[in-house]
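# requesting a structural model of the entry that follows:
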Amino acid sequence: MLKRHLLLASVLAGTFAITACSQETQDKTEAAAESAGDDAAANTDAAAAETEAAAAEAEAAAQNAGAEVAEGADNAGAAATDALASTGEAVVVGTNEAVSATAGAVADGAAAVEDKASENAVEAEQQY
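Residues are numbered from 1 along each chain as shown. This is a model prediction of the structure:
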C-alpha cells in the first residue's frame with residue numbers, strides 16, 4: 001500500500017511539475033516556431049536570390065556557347081569553301097597536265113608516223 005501511495009504521489013508531483021512549466025514551455029515553443037519560420041523565410045529569400053543569379057549565369061553561358069558555335073560554323077564554312085576552291089584548282093591543274101601530256105603523246109606519235117612515212121616514200125622512190 002505504501003508503494004501505491006508513493007507511486008500516486010510521484011505521479012501527482014510530476015503532473016504538477018509539467019503543468020507548472022507548461023506555460024513557459026509553450027512560450028518557448030512558440031518563440032522557437034516563430035524563429036524557425038523567420039529563418040525559413042530568410043533562407044527561402046536567399047535561395048531565390050541564388051537561383052536567380054545561377055539562372056543569369058546559365059543564360060550568359062548559353063549565349064556565349066551559342067556565339068562560339070556560330071563562330072565555329074563560320075570558320076568551318078570558310079574552310080570548306082577554301083577546300084572546295086583548292087579542289088577546283090587541283091582539278092584544273094590536273095586536267096591541263098593531262099591534256100598537255102596527251103597532246104605531247106599525239107605529237108610524238110604524229111612525228112613517228114611522219115618519219116615512217118618519209119622512210120617509206122624514200123624506199124618507194126628507190127624501187128622505181
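# count of residues packed around Ala107?
Residues lying near Ala107 (other C-beta atoms under 10 Å) number 10. C-betas here are computed from N, CA, C, even on glycine.
# with Ala61 instead?
10.
# repeat for Gly88
10.
# check which helix or strand it maps to.
In the assignment (DSSP states H and E), Gly88 maps to helix 2-127.
# low-confidence bits of the chain, can you list those?
Residue ranges of the chain with pLDDT under 70: 1-29, 32-33, 36, 121-128.
# what about Asn43, how many residues nearby?
10.
# mind checking how far it is from Ala60?
26 Å (C-beta to C-beta, to the nearest Å).
# could you do Ala47 as well?
20 Å.
# Ala101 now?
61 Å.
# what does Asp108 give?
Applying C-beta to C-beta to Asp108 and Ala60 gives a distance of 71 Å.
# from Ala48, how far off is Ala54?
Distance, Ala54 to Ala48, by C-beta to C-beta: 11 Å.
# likewise Ala55?
Taking C-beta to C-beta as the measure, Ala55 falls 10 Å from Ala48.
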